[in-house]
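Student: need the 3D shape of this:
(chains A and B)
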Number of protein chains: 2
Amino acid sequence: MAPRHPTTDQPVADLAIVGATALVGTPAIGVDGLAEFAASTTIEITDGAITWIGPSADARPSAREVIDANGLVAMPGLINTHCHAAMTFLRGVAEDVPIANWFNDYIWPMEVNVGGRDVYIGTMVAAAEMIESGITSFADHYFFMDEAARAVEKSGMRANLGSAFFSSQGNEGLAHSVEFAEAWHGRANGRITTSIAPHAPYTCNDDDLRGAADAARRLGVRVHIHAAEDMHQTQLGVDGRGITPIQVLAETGVLDAGVIIAHGNGIVDADIELLATHRDRVGVTHGPKGYLKYALGPLTPIRGLLAAGVPVGYCTDGAASNSTLDVFENMRITAITQKHAANDATWFRSGTALQLAGSGAAAVIGQPGMIGELRVGARADVILVDVSGFHCQPLHDLAATLVYCVQASDVRTTIVDGNVLMRDRRLTTIDREALLTEFRQRASALTDRSHGRTIQDYTT
Amino acid sequence: MAPRHPTTDQPVADLAIVGATALVGTPAIGVDGLAEFAASTTIEITDGAITWIGPSADARPSAREVIDANGLVAMPGLINTHCHAAMTFLRGVAEDVPIANWFNDYIWPMEVNVGGRDVYIGTMVAAAEMIESGITSFADHYFFMDEAARAVEKSGMRANLGSAFFSSQGNEGLAHSVEFAEAWHGRANGRITTSIAPHAPYTCNDDDLRGAADAARRLGVRVHIHAAEDMHQTQLGVDGRGITPIQVLAETGVLDAGVIIAHGNGIVDADIELLATHRDRVGVTHGPKGYLKYALGPLTPIRGLLAAGVPVGYCTDGAASNSTLDVFENMRITAITQKHAANDATWFRSGTALQLAGSGAAAVIGQPGMIGELRVGARADVILVDVSGFHCQPLHDLAATLVYCVQASDVRTTIVDGNVLMRDRRLTTIDREALLTEFRQRASALTDRSHGRTIQDYTT
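Tutor: Below you'll find the model as predicted:
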């Protein structure tokens, strides 16, 4: 129980953010509308939750810690709906190559070298990069996930973790993914949630997909999977077994269980209808920087998905493809490429762009209302953004400033579950120099391919 | 004459950058190759020019000032090949609207309000933003250009300035543009060069285009013009007078005189042939962030232009469309969208991306060899970039790091003509608070449209 104010007997907040311009609303899904801001706003936080939001002019009992946010924008911490955090190790190893070569010639042979300590260190670097760029939650899909979970515990971030598997691993893949999900779900004061994480319909058979769906239902978590990553994959599915990858997810019960779908560039109209009937439990992650860079073809049909009420959120994927873990950047690229693809400059307004970063993304990873919004009762995942720089001024349209002008480095303060993980650009939970030293020492060994082995074959 | 070392009688440099990893080469135009870096490199600067580049291990006479660049990348200052610098005032005033509304309903009515002091202040803010993001040169196309020139003098930047005009201004438009170009060309120790700046073939008649070409030839400067901005404009030209906007430039002698062409998304194959025959004196500017945001349709055919030897450089256009003046961002968006448009992840390698930022851009604005390269004899426009951040590490592929990871805020130091304009993120020529105060005070008055007037009509 929180301490009480000595004279008023009101609860004293753990932390008060005072004087911020707060992003307090974005349009409902499918509505291409405006964002709502409240000037001179106080946000109080106690026991890791937002307990009060209102005018800073109101008299309030003093909080134990006060952050002066005058001149700063307070907004929900950004949510990265799909990544492979530990792949920071492989940033830049496979540039300017087609996606099949990216997998077969670089990433999968290199991942033979990855061990548990690498995943811990690589995930810590990812956490540092994400905290610095205003990301408070991420959905991760990788290996040695006990180590990733320890990095989440230590860094203070919030994460939904899934232990990835291929059917080529035999029964052990699914079993281990389920075991991990069961062991870690709800830990670290609830900051850690889990998913069952089959790699993709093209690397996992239907039995494993059914098993993943069953386990997800039993544990009350979601499946997290790559599917319909591009139109080529969708076409191969249709040619091979007569149905699309999304239809495979429907037939194996994955849509029914609830699923985070990465990346969905190959989603067709018939798929949208299927997804719409499960829109309370499915969502699509979108990270266009990597899709464009690896020339995956047409981009995710976000307009159709949102019109059907299917939530979409931004993702950074791994640093080996997207180069950075920057949701601001992917939001910006999504906004301009959606306008371009629709041949309509009036669509995907800044309010919508911000919806996908907040409540949309929260719905994608199964935490609607809990994160992604500044509202009383939500977990206190808040970032403070400095819009006073030359590149942001003047502020004729604050929503557009956040979407089109802000750089990751404009994030001054990052708060997760009520804890300040970065204060005025200084990380509080991570020792920068020690981490980077070990990271650099390990990085080159991971790129060795002289062993001639690989963890999987990309044959789609 | 530079002072000489007391014992060796060698010249003592004004400034030495020591210990940098230097970007010393990019592929020739049309070659999709690799960038070349030199580790532990010293760059010496005297009288505003680069006078020596070599290993930091070599014994050298001491310079008057030394910058320790260990751990930093030294690269040619970025060149912004087309902008309307003073439009920083109108950043965010016309978001989520089609381009015709952007002109007719917002920008051109608001520009009725713009006066000389606004252009000085708006250009100073643009200069500050550009210096902070590593831009050392810009080609500007706007009004009240005497004031823009004073801002260039004061800020220390390098700029090619053109006084914009419409034929609706009568004879005075061209005459004033020529007068400005003549008065300012070569001033500020050569940092200021000029162009003749008709707005576009759709707002300037053939007589004015011919007059611009004649004046450019006479003064030894280029024409700077918007042309073939999108495929719609090209189609209108073909429908209306039977030739494309680029063909209009050929017929009126503008290509022969030499020209900076913004933005060229509507360039067709026949145009490329025309441009190729003038490739020693024409270039195309490319700023995809704004093109995508305003849904201009297909992007500039850069692959065809480069294959034909026509130089291309990045541009930010004005902040009212592009939101920021950030060449790193436009380089990144160009790279990923060119791969996407070509459906080829192997094309537009990082070396090519960096060529467009340096020597390519220098050729576009008519200063090949003089800027855009780190070589002895070039003007000393150099930036130092910090790649030690989490979002850049590890450095498996340094060229890709510069293209895909670096943020504008990673630029530590910006040097133009041998003068340090930003040292470790602190501006040396601009008083930040005083400038922003006047800028904010003026910004809202400029958006007034109650007068009911406009400076021009967009009817294409």
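
Student: helices of the stretch 1-150 of chain A, residue ranges please.
Tutor: Taking DSSP state H, counting those that start in this stretch, the helices of the stretch 1-150 of chain A run over residues A:99-101, A:108-111, A:116-132, A:145-155.

Student: by contact count, what packs against the last one?
Tutor: Judged by 3 or more CB pairs under 8 Å, 6 or more residues apart in numbering or on different chains; DSSP states H and E, helix A:145-155 is in contact with helix A:116-132, strand A:158-165, helix A:171-184, strand A:192-198. C-betas here are computed from N, CA, C, even on glycine.

Student: quick one: which of the ones you listed is nearest residue A:77?
Tutor: Taking CB to CB, strand A:158-165 is the member of the helices and strands packed on helix A:145-155 nearest to residue A:77, at 8.0 Å.

Student: looking at the helices of the stretch 1-150 of chain A, which is nearest to residue B:179?
Tutor: helix A:116-132 (50.2 Å).

Student: what separation do you get for the residue positioned nearest the centre of chain A and chain B?
Tutor: With distances taken as CA atoms, centre = their mean, residue A:80 lies nearest the centre of chain A, 1.5 Å away. Distance, residue A:80 to chain B, by CB to the nearest CB, to the nearest Å: 13 Å.

Student: does that residue really touch residue A:326, like I thought?
Tutor: No. Using CB atoms under 8 Å, residue A:80 is not in contact with residue A:326, being 9.1 Å away.

Student: now for these two: what residues contact both?
Tutor: With contacts taken as CB atoms under 8 Å, 6 or more residues apart in numbering or on different chains, the residues that reach both residue A:80 and residue A:326 are residue A:316.

Student: who does residue A:141 form a beta bridge with?
Tutor: Residue A:141 has these beta-bridge partners by DSSP bridges: residue A:162.

Student: what number of residues lie near it?
Tutor: When neighbours are defined as other CB atoms under 10 Å in any protein chain shown, residue A:141 has 28 of them.

Student: residue A:250 now?
Tutor: Using other CB under 10 Å, residue A:250 has 18 other residues around it.

Student: how about the residues of the stretch 201-350 of chain A near chain B?
Tutor: For the stretch 201-350 of chain A, the residues in contact with chain B (CB under 8 Å from any CB of the partner chain) are A:289, A:291-295, A:297, A:323-326, A:333, A:335-337, A:339-340, A:342-350.

Student: next, the distance between the ends of stretch A:61-73.
Tutor: 23 Å (CA to CA, to the nearest Å).

Student: in helices, which of the residues of the stretch 201-350 of chain A next to chain B fall?
Tutor: Residues of these located in helices (DSSP state H): A:289, A:291-293, A:333, A:335-337, A:339-340, A:342, A:350.

Student: report the two of these separated the most.
Tutor: The widest separation within these, taken as CB to CB, falls between A:293 and A:350 and amounts to 24.4 Å.

Student: would you put the C-alpha positions of the helix or strand containing residue A:250 in CSV?
Tutor: Using DSSP states H and E, residue A:250 sits within helix A:245-251. Written as CSV, here are the backbone C-alpha positions of helix A:245-251 (Å, rounded to 0.1, in the frame of the first residue of the first chain):
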residue,chain,number,x,y,z
PRO,A,245,-0.4,-19.1,-45.0
ILE,A,246,-3.1,-17.2,-43.1
GLN,A,247,-5.6,-20.0,-44.0
VAL,A,248,-3.1,-22.5,-42.6
LEU,A,249,-3.2,-20.5,-39.3
ALA,A,250,-7.0,-20.7,-39.4
GLU,A,251,-7.1,-24.4,-40.2
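
Student: can I get the helices of the stretch 1-150 of chain A in a markdown table with mean neighbour count and mean pLDDT?
Tutor: A markdown table is the format used below for the helices of the stretch 1-150 of chain A (neighbours: other CB atoms under 10 Å in any protein chain shown; pLDDT from 0 to 100):
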| stretch | mean neighbour count | mean pLDDT |
| --- | --- | --- |
| helix A:99-101 | 18 | 92 |
| helix A:108-111 | 20 | 93 |
| helix A:116-132 | 26 | 98 |
| helix A:145-155 | 22 | 98 |
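
Student: quick one on the thing from earlier: if any of the ones in helices among the residues of the stretch 201-350 of chain A next to chain B are buried, give me the ChimeraX selection for them.
Tutor: In ChimeraX, a selection of the buried entries from these looks like this (16 or more other CB atoms under 10 Å in any protein chain shown):
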select /A:289,291,292,293,333,335,336,337,339,340,350
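
Student: picking that back up, which one of the helices and strands packed on helix A:145-155 lies closest to residue A:371?
Tutor: strand A:158-165 (6.9 Å).

Student: same question for that closest one, mean pLDDT?
Tutor: Mean pLDDT, strand A:158-165: 98.

Student: and it with helix A:116-132, angle?
Tutor: 140 degrees (axes from the mean of the first three to the mean of the last three CA atoms, to 10 degrees).

Student: CA atoms of strand A:158-165 as CSV?
Tutor: What follows is strand A:158-165, C-alpha atoms only, in CSV (Å, rounded to 0.1, in the frame of the first residue of the first chain):
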residue,chain,number,x,y,z
ARG,A,158,8.6,-5.1,-20.5
ALA,A,159,8.6,-7.9,-23.0
ASN,A,160,6.5,-10.7,-24.5
LEU,A,161,8.9,-13.5,-25.0
GLY,A,162,8.6,-16.5,-27.3
SER,A,163,11.0,-19.4,-27.6
ALA,A,164,11.3,-20.0,-31.4
PHE,A,165,11.3,-23.4,-32.9
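
Student: so what does that strand touch, helix or strand wise?
Tutor: Helices and strands touching strand A:158-165, by 3+ CB pairs under 8 Å, 6+ apart, are strand A:135-142, helix A:145-155, helix A:171-184, strand A:192-198, strand A:222-227.

Student: one more pass at 10 Å, please.
Tutor: Judged by 3 or more CB pairs under 10 Å, 6 or more residues apart in numbering or on different chains; DSSP states H and E, strand A:158-165 is in contact with strand A:78-83, helix A:116-132, strand A:135-142, helix A:145-155, helix A:171-184, strand A:192-198, helix A:206-219, strand A:222-227.
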